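> Need coordinates for the below:
(2 chains)
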There are 2 protein chains.
Amino acid sequence: MTTMDTTDIFGKKKSVLITNVVTDARPVDIFIDAAETITDIGPEIRKRHRGEAEFIIDGDGALALPGLTNTHTHAAMTLLRGYADDMVLQDWLSQKIWPLEAHLTADDVYWGTKLACLEMIRTGTTAFNDMYFQMESAARAVDEAGIHAVLCYGFIDLGDAEKREHECRATEAFAAHIKGMNNPRIRAAAGPHAPYTVSPEGLKWCAEFAREQHIPIHIHISETEKEVNDCISQHGKRPAALLDECGILTPRTIAAHGCWLDDAECVLLGKRGVSVSHNPASNMKLATHRALPYPPLVKAGANVCLGTDGCASNNNLDMFEEMKIAALLQKFFWNDPTMLPAPAALEMATKNGAKALGLGTGTLVAGAPADIILVATRIPCNTPLYNAASNLVYSCSGAAVETSICNGRILMLEREIPGETDILKNAAHAAASLVKRALPSV
Amino acid sequence: MTTMDTTDIFGKKKSVLITNVVTDARPVDIFIDAAETITDIGPEIRKRHRGEAEFIIDGDGALALPGLTNTHTHAAMTLLRGYADDMVLQDWLSQKIWPLEAHLTADDVYWGTKLACLEMIRTGTTAFNDMYFQMESAARAVDEAGIHAVLCYGFIDLGDAEKREHECRATEAFAAHIKGMNNPRIRAAAGPHAPYTVSPEGLKWCAEFAREQHIPIHIHISETEKEVNDCISQHGKRPAALLDECGILTPRTIAAHGCWLDDAECVLLGKRGVSVSHNPASNMKLATHRALPYPPLVKAGANVCLGTDGCASNNNLDMFEEMKIAALLQKFFWNDPTMLPAPAALEMATKNGAKALGLGTGTLVAGAPADIILVATRIPCNTPLYNAASNLVYSCSGAAVETSICNGRILMLEREIPGETDILKNAAHAAASLVKRALPSV
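Next comes the predicted model:
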């Protein structure tokens, strides 16, 4: 389906013409000049640009979409995929996840993030919001992978002043590191882990730092009922009120999970213009027992977007699957089959996600960053094709994506990703030696 | 990865040696002689059989599994995939689905079932339990596709004696037709649609007919709360009691949905040895508001298996996705992350499904029908590979399947299925002309 030699096309600055694709039920061509944005999009524009294009992709009727945005994950946890499942949350964390994480090296995070980026490119995600450790290594992996990311160091002080001091310095150092990389695809965020792991002083420091640096804030909020009850016991107020007092609730804030937000908290989050990342697969797997209050959040004007959470609790990074599970969970939980219809689920993963991360992506228009994925249509999950949004959300998985482009660079072409075998091999090796180090007697 | 010419291998009776695969965490080879069963399975058995094999598949470390069994679907509804979603059940049926179904021809059902079989082969399902109309056409499609199926004509009398007479004759004729086909892969079942669409007389006739013919019974039970309440109003008893009085509850019975079964009904179904088909994606999408009572059903000894339902309410036939959604829904609904762990979800789709349909499949042992799928391991969703059941249920989609074999015949080899393009084209055409006939003014 492509013309011209593919040698030297992957990840390179080239002008690309994509012909014969469909977006918003309209057949179009897309032209990307050697810059990083969409230059032109519309019916039959190939006539204008065929001469200029260094590379042509014949879309063969594929659906063209903005690359999807995963607004909450812990990318390097790909290395823990399937290591432990089907356990009570506290046992799972204390007996399985934390002991392994205690042995994570910079190299592990590098290979885990490489594997995560590979999986995202393969399943049509071109931007993600990450919180983990050893984030310089994560940044190097993202730099090489070619996708967009907002990265943060998970700030946890557990109310300890000395630890807080360390976390502040680590956050500053990481933000400086990202500034020094000078890669327009990668932004730092402040990453106060959660109201139950960060003191009010720590939260205030993060809010102030993010304000000064004009960077996002990435935080967990009200994933479980217990943490809400504990917050009320400890602070005499619910988590959203606590976070608001500390200056954490801003239009640059992405708050993940939110299962146990009450109506007043939804109103507050909407008023502050917060983005709330729905993580339905993880919430169901860990049995949070309550779904994100999507209707009151939307009513309040919050920006509801979508995330997979880490691979230990999902166990993949497929945003197509996540769109479906979000739409199903909201219908089931609120007992209303009209809740979160397919077009709204698709917006959560595109427009809303892009807005949350402030990337200017999430829509296919001239001038927007050229983050474009092509979804095959001549496959069972897109046959018949009455309604693209329905098929994308309810029928397709990420495996339907055949081509992924980020910032004007081709990262996957007709399902080929250069270097995939090496990444899989090295990530598998990193996972095996991590377990060996953590459990030397096994 | 294969040796020898692939011309003339698809769907043919050949002796096949599969080397270098993993099953139950053990590296094995599998040999299928020209019969339809597994001849030999075990470590290094290639040495014994290399000379005999007409075709060799190098599994390259793939996971070998029994082909999955979909125990409740309406296969030809692939033609309605994405035609209408996100609506209230009654509006969806009366305004969208029924008007289209009223125009379904035998040819439509043929192409819809061809598309369904294609999708199932691609996603690792080699046996299914189907209820629909124009079932002779469905049987022809299954015969050509090469997979196992239990097929039934959906018997609906709505309490009308004349209509009942017609449905009895249709059921008899279809059973005779299947007998006449003499295809060991295809069985007829009696298909009383549901307690709310079939009179007690109709139910009794179906039970008696199935007993005489030694064939399965396929029925819907307690999908919605309303139908349970209506049953109590009309008959003074809950659906399971009504069905039991009519002789419907047997070890040959597959009862689909079961969301609103109460504890006593679970005990009764277990006592009668009924198979209950869990359809979590459909139940969530249509907002049944209650999940299958899996714990009491298992406790009562019922055989709980898995189904996708039709493509109008799912909207695909991917049993890998269904395993994940089942495990997530059961954990979420019962507020227990240990509920329905990965190995149990995998059994629902393999051993339990095979038991429900009485096919002798569902396990990889010498003498069992050679229904085998190979799942790639050198892909992101299987990296790392600590625990095969976890990756299969939580991380993989059906797209991870690279080879599907049914009854000793290779149906998909390294993702190639002969004739796929034609089936997609003809099914898309059938869907488009169905809509044109149903809505001539559009």
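
> where exactly do the strands run in the stretch 1-150 of chain A?
Using DSSP state E, counting those that start in this stretch, the strands of the stretch 1-150 of chain A run over A:2-3, A:16-23, A:26-32, A:40-42, A:55-66, A:68-73, A:125-132, A:148-153.

> who's in contact with the last one?
Think strand A:148-153. Under the contact criterion CB atoms under 8 Å, 6 or more residues apart in numbering or on different chains, strand A:148-153 has outside partners A:67, A:69, A:126-133, A:135, A:138-139, A:142, A:167, A:170-171, A:174, A:178, A:185-191, A:216, A:218, A:254, A:357, A:359, A:361, A:369, A:371, A:406-407. (Each C-beta comes from the backbone N, C-alpha and C, glycine too.)

> Packing partners of the next helix or strand after that strand?
Per DSSP states H and E, the first helix or strand lying C-terminal to strand A:148-153 is helix A:161-181. The contact analysis (3 or more CB pairs under 8 Å, 6 or more residues apart in numbering or on different chains; DSSP states H and E) places helix A:161-181 against helix A:135-145, strand A:148-153, strand A:186-188, helix A:200-213.

> and the third one, what other elements does it pack with?
Based on contacts counted as 3+ CB pairs under 8 Å, 6+ apart, the elements that strand A:186-188 packs against are helix A:135-145, strand A:148-153, helix A:161-181.

> deepest of these, which one?
Most buried of those, by mean neighbour count (mean count of other CB atoms under 10 Å in any protein chain shown): strand A:148-153, with a mean of 28.

> Taking helix A:200-213 as reference, get the angle to that one.
Angle of strand A:148-153 versus helix A:200-213, following axes from the mean of the first three to the mean of the last three CA atoms, to 10 degrees, is 140 degrees.

> tell me the angle strand A:148-153 makes with helix A:135-145.
Per the same axes, to 10 degrees, the angle that strand A:148-153 makes with helix A:135-145 is 170 degrees.

> Strand A:148-153: how far from the chain's middle?
The chain centre lies 9 Å from the centre of strand A:148-153; the measure is CA atoms, centre = their mean, to the nearest Å.

> Likewise for stretch A:172-181?
For stretch A:172-181, the distance to the chain centre is 21 Å (CA atoms, centre = their mean).

> ok, and what's touching that stretch?
A:135-136, A:139, A:143, A:151-153, A:186-188, A:190, A:209, A:213, A:215.

> mind running it again at 7 Å?
The set of residues external to stretch A:172-181 that reach it, using CB atoms under 7 Å, 6 or more residues apart in numbering or on different chains, is A:135, A:136, A:139, A:143, A:151, A:153, A:186, A:187, A:188, A:213, A:215.

> Mind putting those residues into CSV with pLDDT?
Formatted as CSV, the contacts of stretch A:172-181 follow (pLDDT from 0 to 100):
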residue, pLDDT
A:135, 98
A:136, 98
A:139, 98
A:143, 98
A:151, 98
A:153, 97
A:186, 97
A:187, 97
A:188, 98
A:213, 98
A:215, 98
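
> residues touching residue A:423, list them.
Counted by CB under 7 Å, 6+ apart, residue A:423 has contacts A:114, A:115, A:118.

> next one: residue A:154
Residues near residue A:154 by CB under 7 Å, 6+ apart: A:131, A:132, A:133, A:191, A:193.

> Mind pulling up the pLDDT for the fourth one?
By that I understand residue A:191. We have a pLDDT of 98 for residue A:191.

> just checking, it touches residue A:168?
No: the pair residue A:191 / residue A:168 is not scored as a contact, 11.9 Å apart, by CB atoms under 7 Å.

> which residue sits closest to residue A:77, ignoring its sequence neighbours?
In this structure, residue A:77 finds its nearest non-sequential neighbour in residue A:310, 3.4 Å apart by CB to CB, 6 or more residues apart in numbering or on different chains.

> Tell me how many other residues surround the one you found.
Residue A:310 has 26 neighbouring residues, counting by other CB atoms under 10 Å in any protein chain shown.

> How much space separates it from chain B?
12 Å (CB to the nearest CB, to the nearest Å).

> one step back: among the helices and strands packed on strand A:186-188, which comes closest to residue A:230?
helix A:161-181 (19.1 Å; CB to CB).

> gap between the closest one and the chain center?
22 Å.

> interface residues of the stretch 301-442 of chain A facing chain B?
Residues of the stretch 301-442 of chain A lying near chain B by CB under 7 Å from any CB of the partner chain: A:314-316, A:321, A:328-329, A:331-332, A:335-338, A:341-342, A:378, A:380-381, A:383-384, A:386-387, A:390-391, A:394-395, A:397, A:399, A:424, A:427-428, A:431-432.

> The residues you listed in helices, which ones?
Among these, the residues falling in helices (DSSP state H) are A:321, A:328, A:329, A:331, A:332, A:342, A:390, A:424, A:427, A:428, A:431, A:432.

> and the residues you listed, which are buried?
By neighbour count, with 16 or more other CB atoms under 10 Å in any protein chain shown, these hold A:321, A:328, A:329, A:331, A:332, A:342, A:390, A:424, A:427, A:428, A:431 as buried.

> excluding its backbone neighbours, what's nearest the fifth one?
Closest residue to residue A:332 in three dimensions, ignoring its sequence neighbours and counting by CB to CB, 6+ apart: residue B:284, at 4.0 Å.

> Tell me which residue in the stretch 151-300 of chain A sits closest to chain B.
Residue of the stretch 151-300 of chain A nearest chain B, by CB to the nearest CB: residue A:284 (3.7 Å).

> where's that residue, which helix or strand?
Assigned by DSSP H and E, residue A:284 belongs to helix A:280-285.

> same question for that helix, mean pLDDT?
For helix A:280-285, the per-residue pLDDT averages 98.

> what about chain A, any weak spots by pLDDT?
A:1-7, A:441-442 (pLDDT under 70).
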